[in-house]
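Chemist: Sequence and predicted model, in that order:
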Amino acid sequence: MPRTARPRGRTAPAALCLCLALGCGSGGTPQGGEPSPPAGAPTAAGDDVVTWASSADRVGAAVDGRGYRLVVHTSVGGTGLRVRLSNAFGNQPVTFGSVHAGLQRHGAALVPGSNRRLTFGGARSVTVPAGGIVYSDPLPVRVPAASDLAVSLYVPRAGGVLTGHWLAMQTSYTTDGDHTAEESAAHWAQRTGSWFYLDAVTVRPRPAAGAVAALGDSITDGWHSTTGLNRRWPDHLARRLRASPTTDVEAVANAGIAGNKVLAAGPGQSALNRLSRDVLTLPGLRTVFLFQGVNDIKAEPGATADQLIAGYRRLADRVHAAGTCVVAATIAPYKGWPEWDPAGEAVRRKVNTFLRTSGEFDAVTDFDRVLRSPHDPERIRPAFDGGDHLHPNDRGMRAMADAVDLESLDCRSR
(Lines give C-alpha, C1' and ligand atoms only; values in the text may rest on other atoms or scores of the structure.)
Protein backbone atom coordinates (compact mmCIF):
# COMPACT_ATOMS: atom_id res chain seq x y z
CA MET A 1 0.00 0.00 0.00
CA PRO A 2 1.18 3.58 -0.53
CA ARG A 3 3.44 5.10 2.10
CA THR A 4 3.23 8.78 1.17
CA ALA A 5 0.24 11.09 1.00
CA ARG A 6 -0.24 14.66 -0.15
CA PRO A 7 -3.05 16.08 1.99
CA ARG A 8 -4.96 18.95 0.47
CA GLY A 9 -6.47 21.78 2.47
CA ARG A 10 -10.17 22.15 3.07
CA THR A 11 -12.69 24.84 3.78
CA ALA A 12 -15.55 23.92 6.07
CA PRO A 13 -17.51 26.83 7.54
CA ALA A 14 -19.43 25.79 10.66
CA ALA A 15 -23.09 26.66 11.00
CA LEU A 16 -24.25 28.66 14.00
CA CYS A 17 -26.44 25.75 15.09
CA LEU A 18 -23.33 23.63 15.65
CA CYS A 19 -21.90 26.35 17.88
CA LEU A 20 -25.08 26.46 19.93
CA ALA A 21 -25.27 22.68 20.18
CA LEU A 22 -21.76 22.37 21.56
CA GLY A 23 -22.38 25.05 24.14
CA CYS A 24 -20.46 27.97 22.68
CA GLY A 25 -19.87 30.71 25.19
CA SER A 26 -19.85 28.21 28.09
CA GLY A 27 -16.92 27.75 29.51
CA GLY A 28 2.98 -7.96 17.18
CA THR A 29 3.13 -11.46 16.79
CA PRO A 30 1.96 -12.84 13.43
CA GLN A 31 -0.79 -15.49 13.46
CA GLY A 32 -1.49 -14.94 17.16
CA GLY A 33 -4.22 -13.57 19.37
CA GLU A 34 -3.84 -10.17 20.97
CA PRO A 35 -3.39 -10.10 24.75
CA SER A 36 -6.29 -8.76 26.77
CA PRO A 37 -6.09 -5.15 27.98
CA PRO A 38 -4.28 -4.84 31.31
CA ALA A 39 -6.31 -5.18 34.46
CA GLY A 40 -7.70 -1.84 35.52
CA ALA A 41 -7.44 -0.33 32.04
CA PRO A 42 -9.79 2.65 31.74
CA THR A 43 -13.08 2.11 29.95
CA ALA A 44 -15.92 4.28 28.73
CA ALA A 45 -19.22 4.54 30.57
CA GLY A 46 -21.84 1.91 29.81
CA ASP A 47 -24.06 4.25 27.80
CA ASP A 48 -21.21 5.73 25.70
CA VAL A 49 -20.96 4.97 21.97
CA VAL A 50 -17.93 5.59 19.78
CA THR A 51 -18.62 8.32 17.22
CA TRP A 52 -15.13 8.42 15.65
CA ALA A 53 -12.05 6.23 15.89
CA SER A 54 -8.73 5.49 14.22
CA SER A 55 -6.37 2.56 14.74
CA ALA A 56 -3.08 3.13 16.51
CA ASP A 57 0.36 2.33 15.17
CA ARG A 58 3.96 3.53 15.48
CA VAL A 59 4.32 6.83 13.62
CA GLY A 60 7.82 8.03 14.48
CA ALA A 61 9.59 9.52 17.48
CA ALA A 62 7.78 11.44 20.21
CA VAL A 63 8.77 15.08 20.83
CA ASP A 64 8.59 17.19 24.00
CA GLY A 65 6.74 20.51 23.97
CA ARG A 66 4.59 19.75 20.94
CA GLY A 67 1.00 20.77 20.29
CA TYR A 68 -1.47 18.93 18.05
CA ARG A 69 -4.81 20.21 16.72
CA LEU A 70 -6.45 17.08 15.32
CA VAL A 71 -9.51 17.41 13.08
CA VAL A 72 -11.96 14.48 13.17
CA HIS A 73 -15.48 13.92 11.84
CA THR A 74 -18.21 12.54 14.08
CA SER A 75 -20.75 9.97 12.94
CA VAL A 76 -23.49 9.83 15.60
CA GLY A 77 -24.37 12.82 17.76
CA GLY A 78 -24.93 12.89 21.50
CA THR A 79 -24.02 14.39 24.85
CA GLY A 80 -21.07 13.80 27.15
CA LEU A 81 -18.16 14.09 24.71
CA ARG A 82 -15.12 12.09 25.78
CA VAL A 83 -11.80 11.49 24.04
CA ARG A 84 -9.53 8.45 24.32
CA LEU A 85 -5.78 9.12 24.24
CA SER A 86 -3.44 6.26 23.45
CA ASN A 87 0.19 5.55 24.26
CA ALA A 88 -0.26 1.98 23.05
CA PHE A 89 3.07 1.80 21.22
CA GLY A 90 5.02 4.16 23.46
CA ASN A 91 7.96 2.84 25.45
CA GLN A 92 7.96 5.83 27.82
CA PRO A 93 5.19 7.72 29.66
CA VAL A 94 3.51 10.64 27.86
CA THR A 95 2.16 13.68 29.70
CA PHE A 96 -0.76 15.60 28.23
CA GLY A 97 -0.53 19.00 29.84
CA SER A 98 -3.69 20.47 28.32
CA VAL A 99 -6.49 19.05 26.16
CA HIS A 100 -9.33 20.99 24.53
CA ALA A 101 -12.12 20.14 22.11
CA GLY A 102 -13.99 22.57 19.87
CA LEU A 103 -15.68 22.86 16.51
CA GLN A 104 -13.61 23.51 13.40
CA ARG A 105 -14.50 26.71 11.57
CA HIS A 106 -11.90 26.78 8.82
CA GLY A 107 -8.46 25.20 8.76
CA ALA A 108 -7.00 25.40 12.25
CA ALA A 109 -9.44 28.12 13.34
CA LEU A 110 -12.31 27.14 15.64
CA VAL A 111 -15.88 28.36 15.95
CA PRO A 112 -15.69 31.21 18.48
CA GLY A 113 -16.75 30.12 21.96
CA SER A 114 -16.75 26.40 21.15
CA ASN A 115 -13.35 25.38 22.54
CA ARG A 116 -13.75 23.59 25.87
CA ARG A 117 -11.14 22.20 28.26
CA LEU A 118 -11.20 18.46 28.89
CA THR A 119 -10.21 17.01 32.28
CA PHE A 120 -9.06 13.61 33.48
CA GLY A 121 -10.40 12.60 36.86
CA GLY A 122 -10.95 16.30 37.43
CA ALA A 123 -7.33 17.20 36.64
CA ARG A 124 -6.20 19.38 33.75
CA SER A 125 -3.27 17.15 32.89
CA VAL A 126 -2.66 13.42 32.80
CA THR A 127 0.32 11.12 32.33
CA VAL A 128 -0.30 7.92 30.37
CA PRO A 129 2.16 5.06 30.95
CA ALA A 130 3.83 3.15 28.15
CA GLY A 131 1.24 0.90 26.53
CA GLY A 132 -1.65 2.68 28.26
CA ILE A 133 -4.79 4.58 27.30
CA VAL A 134 -6.91 7.13 29.12
CA TYR A 135 -10.44 8.52 28.73
CA SER A 136 -11.26 12.12 29.50
CA ASP A 137 -14.12 13.13 31.74
CA PRO A 138 -17.35 13.78 29.78
CA LEU A 139 -18.15 17.32 28.68
CA PRO A 140 -21.74 18.37 29.58
CA VAL A 141 -22.53 19.48 26.02
CA ARG A 142 -24.29 18.05 23.01
CA VAL A 143 -22.17 17.15 19.96
CA PRO A 144 -23.99 17.12 16.62
CA ALA A 145 -23.73 14.22 14.21
CA ALA A 146 -21.47 14.77 11.19
CA SER A 147 -19.58 17.64 12.86
CA ASP A 148 -15.90 18.48 12.46
CA LEU A 149 -14.26 18.44 15.86
CA ALA A 150 -10.82 19.82 16.60
CA VAL A 151 -9.17 18.09 19.56
CA SER A 152 -6.12 20.06 20.69
CA LEU A 153 -3.38 18.36 22.72
CA TYR A 154 -0.29 19.79 24.36
CA VAL A 155 2.44 17.26 25.17
CA PRO A 156 5.10 18.84 27.43
CA ARG A 157 6.84 15.53 28.11
CA ALA A 158 7.12 12.56 25.79
CA GLY A 159 9.84 10.31 24.52
CA GLY A 160 10.51 7.16 22.61
CA VAL A 161 7.92 5.91 20.14
CA LEU A 162 5.04 8.13 19.06
CA THR A 163 1.59 6.49 18.86
CA GLY A 164 -0.77 7.69 16.16
CA HIS A 165 -2.37 7.01 12.80
CA TRP A 166 -0.33 7.75 9.70
CA LEU A 167 -2.92 7.96 6.88
CA ALA A 168 -5.64 10.29 8.14
CA MET A 169 -6.90 11.60 4.77
CA GLN A 170 -7.56 14.75 6.77
CA THR A 171 -5.49 17.87 7.38
CA SER A 172 -4.63 18.54 11.02
CA TYR A 173 -2.20 21.01 12.56
CA THR A 174 0.82 21.13 14.87
CA THR A 175 2.68 23.80 16.79
CA ASP A 176 5.36 24.37 19.41
CA GLY A 177 4.18 25.14 22.93
CA ASP A 178 0.73 25.15 24.49
CA HIS A 179 -1.85 26.91 22.31
CA THR A 180 -4.66 24.44 22.93
CA ALA A 181 -7.02 27.02 24.46
CA GLU A 182 -6.70 29.39 21.49
CA GLU A 183 -9.48 29.39 18.90
CA SER A 184 -7.39 31.37 16.43
CA ALA A 185 -5.27 29.59 13.84
CA ALA A 186 -2.38 32.05 14.36
CA HIS A 187 -0.07 29.59 16.13
CA TRP A 188 -1.17 26.50 14.18
CA ALA A 189 0.64 27.03 10.88
CA GLN A 190 2.17 23.57 10.46
CA ARG A 191 0.04 21.01 8.64
CA THR A 192 0.04 17.24 8.98
CA GLY A 193 -1.81 14.39 7.30
CA SER A 194 -1.67 12.18 10.39
CA TRP A 195 -3.38 11.92 13.78
CA PHE A 196 -1.34 11.62 16.98
CA TYR A 197 -2.30 10.02 20.32
CA LEU A 198 -6.06 10.50 19.79
CA ASP A 199 -7.70 7.21 18.80
CA ALA A 200 -11.40 7.51 19.76
CA VAL A 201 -14.15 10.00 20.54
CA THR A 202 -17.33 8.89 22.31
CA VAL A 203 -20.72 10.42 23.03
CA ARG A 204 -23.97 9.35 24.69
CA PRO A 205 -26.52 9.17 21.87
CA ARG A 206 -30.20 8.28 22.04
CA PRO A 207 -31.00 5.02 23.87
CA ALA A 208 -30.43 1.78 21.91
CA ALA A 209 -28.04 3.39 19.40
CA GLY A 210 -25.00 1.26 18.56
CA ALA A 211 -21.88 1.30 16.42
CA VAL A 212 -20.25 -0.65 13.61
CA ALA A 213 -16.46 -0.81 13.29
CA ALA A 214 -14.86 -1.35 9.87
CA LEU A 215 -11.75 -3.52 10.27
CA GLY A 216 -9.66 -3.09 7.14
CA ASP A 217 -6.62 -1.86 5.23
CA SER A 218 -5.90 1.20 3.06
CA ILE A 219 -9.18 0.89 1.14
CA THR A 220 -11.04 1.33 4.44
CA ASP A 221 -8.50 3.97 5.51
CA GLY A 222 -9.66 5.91 2.44
CA TRP A 223 -6.60 6.04 0.19
CA HIS A 224 -7.58 7.67 -3.15
CA SER A 225 -10.69 9.29 -1.69
CA THR A 226 -10.54 13.08 -1.56
CA THR A 227 -8.60 14.36 1.45
CA GLY A 228 -10.64 16.41 3.91
CA LEU A 229 -14.07 15.68 2.42
CA ASN A 230 -14.87 12.48 4.37
CA ARG A 231 -15.48 10.31 1.33
CA ARG A 232 -14.03 7.05 2.62
CA TRP A 233 -16.54 4.22 2.26
CA PRO A 234 -17.17 4.14 6.06
CA ASP A 235 -18.03 7.87 5.87
CA HIS A 236 -20.59 7.19 3.15
CA LEU A 237 -21.95 4.34 5.26
CA ALA A 238 -22.35 6.70 8.23
CA ARG A 239 -24.38 9.08 6.07
CA ARG A 240 -26.68 6.24 5.01
CA LEU A 241 -27.16 5.11 8.60
CA ARG A 242 -28.05 8.63 9.74
CA ALA A 243 -30.76 8.79 7.09
CA SER A 244 -32.19 5.34 7.80
CA PRO A 245 -35.25 4.95 10.04
CA THR A 246 -34.92 1.16 10.23
CA THR A 247 -31.73 0.46 12.20
CA ASP A 248 -30.37 1.32 15.63
CA VAL A 249 -26.77 1.10 14.37
CA GLU A 250 -25.95 4.77 13.82
CA ALA A 251 -22.24 5.22 14.61
CA VAL A 252 -19.31 4.16 12.42
CA ALA A 253 -15.71 3.67 13.60
CA ASN A 254 -12.95 3.36 11.01
CA ALA A 255 -10.41 0.70 12.05
CA GLY A 256 -8.48 0.64 8.80
CA ILE A 257 -4.67 0.75 8.58
CA ALA A 258 -2.94 1.15 5.21
CA GLY A 259 -1.00 -1.98 4.31
CA ASN A 260 -2.58 -4.05 7.07
CA LYS A 261 -2.92 -7.83 6.85
CA VAL A 262 -5.16 -10.39 8.52
CA LEU A 263 -2.37 -12.80 9.40
CA ALA A 264 0.97 -11.04 9.67
CA ALA A 265 2.34 -7.78 11.01
CA GLY A 266 3.40 -5.02 8.63
CA PRO A 267 2.02 -1.53 8.79
CA GLY A 268 0.17 -2.04 12.05
CA GLN A 269 -0.19 -5.27 13.94
CA SER A 270 -2.12 -7.97 12.11
CA ALA A 271 -5.90 -7.85 12.30
CA LEU A 272 -5.76 -10.87 14.58
CA ASN A 273 -3.39 -9.08 16.94
CA ARG A 274 -5.13 -5.69 17.01
CA LEU A 275 -8.75 -6.84 17.07
CA SER A 276 -9.23 -6.40 20.82
CA ARG A 277 -7.54 -3.00 21.20
CA ASP A 278 -8.70 -1.35 17.99
CA VAL A 279 -12.21 -2.78 17.72
CA LEU A 280 -13.67 -4.86 20.54
CA THR A 281 -12.88 -2.25 23.22
CA LEU A 282 -14.87 0.45 21.41
CA PRO A 283 -17.94 1.42 23.46
CA GLY A 284 -21.35 0.70 22.01
CA LEU A 285 -19.98 -1.73 19.43
CA ARG A 286 -22.74 -3.77 17.81
CA THR A 287 -21.04 -5.14 14.69
CA VAL A 288 -17.57 -5.69 13.24
CA PHE A 289 -17.39 -5.26 9.45
CA LEU A 290 -14.42 -7.30 8.20
CA PHE A 291 -12.91 -6.23 4.86
CA GLN A 292 -9.31 -7.38 4.62
CA GLY A 293 -7.17 -9.93 2.83
CA VAL A 294 -5.76 -8.43 -0.35
CA ASN A 295 -2.47 -7.53 1.36
CA ASP A 296 -2.09 -11.10 2.61
CA ILE A 297 -2.63 -12.41 -0.93
CA LYS A 298 -0.24 -10.07 -2.74
CA ALA A 299 2.54 -10.33 -0.14
CA GLU A 300 5.77 -12.20 -0.92
CA PRO A 301 5.29 -14.96 -0.03
CA GLY A 302 1.52 -14.64 -0.19
CA ALA A 303 -0.92 -16.39 2.10
CA THR A 304 -2.67 -19.49 0.83
CA ALA A 305 -6.44 -19.61 0.66
CA ASP A 306 -6.53 -22.11 3.53
CA GLN A 307 -4.36 -19.88 5.73
CA LEU A 308 -6.49 -16.82 5.06
CA ILE A 309 -9.73 -18.74 5.62
CA ALA A 310 -8.40 -19.99 8.95
CA GLY A 311 -7.63 -16.39 9.91
CA TYR A 312 -11.16 -15.28 9.03
CA ARG A 313 -12.58 -18.09 11.12
CA ARG A 314 -10.50 -17.07 14.13
CA LEU A 315 -11.59 -13.45 13.77
CA ALA A 316 -15.25 -14.44 13.49
CA ASP A 317 -15.01 -16.75 16.51
CA ARG A 318 -13.43 -14.03 18.65
CA VAL A 319 -15.97 -11.41 17.60
CA HIS A 320 -18.86 -13.77 18.33
CA ALA A 321 -17.32 -14.74 21.68
CA ALA A 322 -17.43 -11.03 22.57
CA GLY A 323 -21.19 -11.04 21.91
CA THR A 324 -20.83 -8.96 18.76
CA CYS A 325 -22.03 -9.49 15.19
CA VAL A 326 -19.57 -9.90 12.33
CA VAL A 327 -20.24 -9.01 8.70
CA ALA A 328 -17.63 -9.99 6.11
CA ALA A 329 -16.97 -8.45 2.70
CA THR A 330 -15.48 -10.22 -0.30
CA ILE A 331 -12.04 -9.17 -1.53
CA ALA A 332 -12.18 -6.76 -4.46
CA PRO A 333 -10.26 -7.31 -7.74
CA TYR A 334 -6.84 -5.74 -8.21
CA LYS A 335 -5.45 -6.83 -11.59
CA GLY A 336 -3.14 -4.08 -12.86
CA TRP A 337 -1.54 -3.57 -9.45
CA PRO A 338 2.17 -4.53 -9.77
CA GLU A 339 1.90 -7.47 -7.36
CA TRP A 340 -1.07 -9.11 -9.08
CA ASP A 341 -0.52 -12.56 -10.56
CA PRO A 342 -2.75 -15.50 -11.59
CA ALA A 343 -1.84 -17.50 -8.48
CA GLY A 344 -3.00 -14.68 -6.21
CA GLU A 345 -6.16 -14.30 -8.26
CA ALA A 346 -6.92 -17.99 -7.68
CA VAL A 347 -6.52 -17.46 -3.92
CA ARG A 348 -8.82 -14.42 -4.01
CA ARG A 349 -11.55 -16.35 -5.81
CA LYS A 350 -11.33 -19.32 -3.44
CA VAL A 351 -11.46 -17.06 -0.40
CA ASN A 352 -14.43 -15.16 -1.82
CA THR A 353 -16.29 -18.42 -2.38
CA PHE A 354 -15.71 -19.28 1.26
CA LEU A 355 -16.94 -15.86 2.39
CA ARG A 356 -20.11 -16.11 0.32
CA THR A 357 -21.02 -19.70 1.22
CA SER A 358 -19.53 -20.70 4.59
CA GLY A 359 -22.32 -19.36 6.80
CA GLU A 360 -19.71 -18.41 9.44
CA PHE A 361 -20.65 -14.73 9.33
CA ASP A 362 -23.87 -13.00 10.27
CA ALA A 363 -23.97 -11.44 6.80
CA VAL A 364 -21.77 -10.95 3.75
CA THR A 365 -21.41 -7.86 1.55
CA ASP A 366 -20.13 -8.62 -1.94
CA PHE A 367 -17.66 -5.82 -2.67
CA ASP A 368 -16.13 -7.99 -5.39
CA ARG A 369 -19.42 -7.95 -7.31
CA VAL A 370 -19.86 -4.20 -6.77
CA LEU A 371 -16.38 -3.13 -7.86
CA ARG A 372 -15.37 -5.59 -10.58
CA SER A 373 -15.45 -4.66 -14.24
CA PRO A 374 -18.21 -6.34 -16.27
CA HIS A 375 -15.66 -6.81 -19.06
CA ASP A 376 -12.86 -8.25 -16.93
CA PRO A 377 -13.87 -9.57 -13.47
CA GLU A 378 -10.22 -9.61 -12.39
CA ARG A 379 -10.07 -5.79 -12.63
CA ILE A 380 -11.79 -2.98 -10.80
CA ARG A 381 -14.44 -1.16 -12.84
CA PRO A 382 -12.72 1.79 -14.63
CA ALA A 383 -15.30 4.29 -13.35
CA PHE A 384 -14.46 3.25 -9.77
CA ASP A 385 -10.67 2.99 -10.17
CA GLY A 386 -8.67 5.54 -8.17
CA GLY A 387 -5.85 5.13 -10.69
CA ASP A 388 -3.74 2.29 -9.30
CA HIS A 389 -6.20 -0.57 -10.05
CA LEU A 390 -6.61 -1.42 -6.37
CA HIS A 391 -8.05 1.56 -4.51
CA PRO A 392 -11.51 2.90 -5.41
CA ASN A 393 -12.04 6.60 -6.05
CA ASP A 394 -14.79 8.68 -4.42
CA ARG A 395 -17.41 7.17 -6.69
CA GLY A 396 -16.23 3.64 -5.94
CA MET A 397 -16.18 4.33 -2.21
CA ARG A 398 -19.79 5.44 -2.37
CA ALA A 399 -20.79 2.37 -4.39
CA MET A 400 -19.26 0.18 -1.69
CA ALA A 401 -21.23 1.87 1.08
CA ASP A 402 -24.42 1.74 -0.97
CA ALA A 403 -24.02 -2.04 -1.30
CA VAL A 404 -24.16 -2.65 2.46
CA ASP A 405 -27.49 -3.98 3.73
CA LEU A 406 -28.08 -1.70 6.69
CA GLU A 407 -30.26 -4.25 8.44
CA SER A 408 -27.35 -6.72 8.37
CA LEU A 409 -25.33 -4.44 10.65
CA ASP A 410 -27.41 -5.41 13.68
CA CYS A 411 -27.89 -9.18 13.72
CA ARG A 412 -29.52 -8.95 17.17
CA SER A 413 -32.48 -7.13 15.63
CA ARG A 414 -33.32 -10.05 13.36
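Modeler: The structure has been received and is ready for your questions.
Chemist: Next, count neighbours for residue 311.
Modeler: 23 (other C-beta atoms under 10 Å). Yep, even glycine has a C-beta here, placed from its N, CA and C like the rest.
Chemist: From residue 270, how far out is it?
Modeler: 8 Å (C-beta to C-beta, to the nearest Å).
Chemist: what's around the nearest residue to residue 197 once chain neighbours are set aside, how many residues?
Modeler: Counting by C-beta to C-beta, 6 or more residues apart in numbering, residue 197 lies nearest to residue 85, which is 5.1 Å off, once chain neighbours are set aside. Look at residue 85: counted by other C-beta under 10 Å, it has 26 neighbours.
Chemist: Who are the contact partners of residue 85?
Modeler: Contacts of residue 85 were listed using C-beta atoms under 8 Å, 6 or more residues apart in numbering, and they are 96, 99, 126, 128, 133-134, 136, 153, 197-199.
Chemist: cool, residue 255 as well?
Modeler: By C-beta under 8 Å, 6+ apart, the contact set of residue 255 is 53-55, 213-216, 220, 278-279.
Chemist: And residue 58, by the same measure?
Modeler: 89, 161-163.
Chemist: again, but for residue 400
Modeler: Counted by C-beta under 8 Å, 6+ apart, residue 400 has contacts 233, 236, 367, 370-371, 392.
Chemist: Quick check: pLDDT value at it.
Modeler: You'll see residue 400 listed with a pLDDT of 98.
Chemist: where in the stretch 301-414 of the chain is pLDDT low?
Modeler: 413-414 (pLDDT under 70).
Chemist: where exactly do the strands run in it?
Modeler: Ranges of strands in the stretch 301-414 of the chain, per DSSP state E, counting those that start in this stretch, are 325-329, 363-365.
Chemist: Output those strands in a markdown table, with mean neighbour count and distance to residue 105 appended to each entry.
Modeler: As requested, the strands of the stretch 301-414 of the chain are arranged in a markdown table below (neighbours: other C-beta atoms under 10 Å; distance: least, C-beta to C-beta, whole Å):
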| stretch | mean neighbour count | distance to residue 105 |
| --- | --- | --- |
| strand 325-329 | 25 | 36 |
| strand 363-365 | 20 | 37 |
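Chemist: May I see the ones you listed arranged in a markdown table, with distance to residue 104 as well?
Modeler: Below are those laid out as a markdown table (distance: least, C-beta to C-beta, whole Å):
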| stretch | distance to residue 104 |
| --- | --- |
| strand 325-329 | 31 |
| strand 363-365 | 32 |
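Chemist: For residue 122, find the nearest of those strands.
Modeler: Counting by C-beta to C-beta, residue 122 lies closest to strand 325-329 out of the strands of the stretch 301-414 of the chain; the figure is 36.9 Å.
Chemist: Sweet, I'm off.
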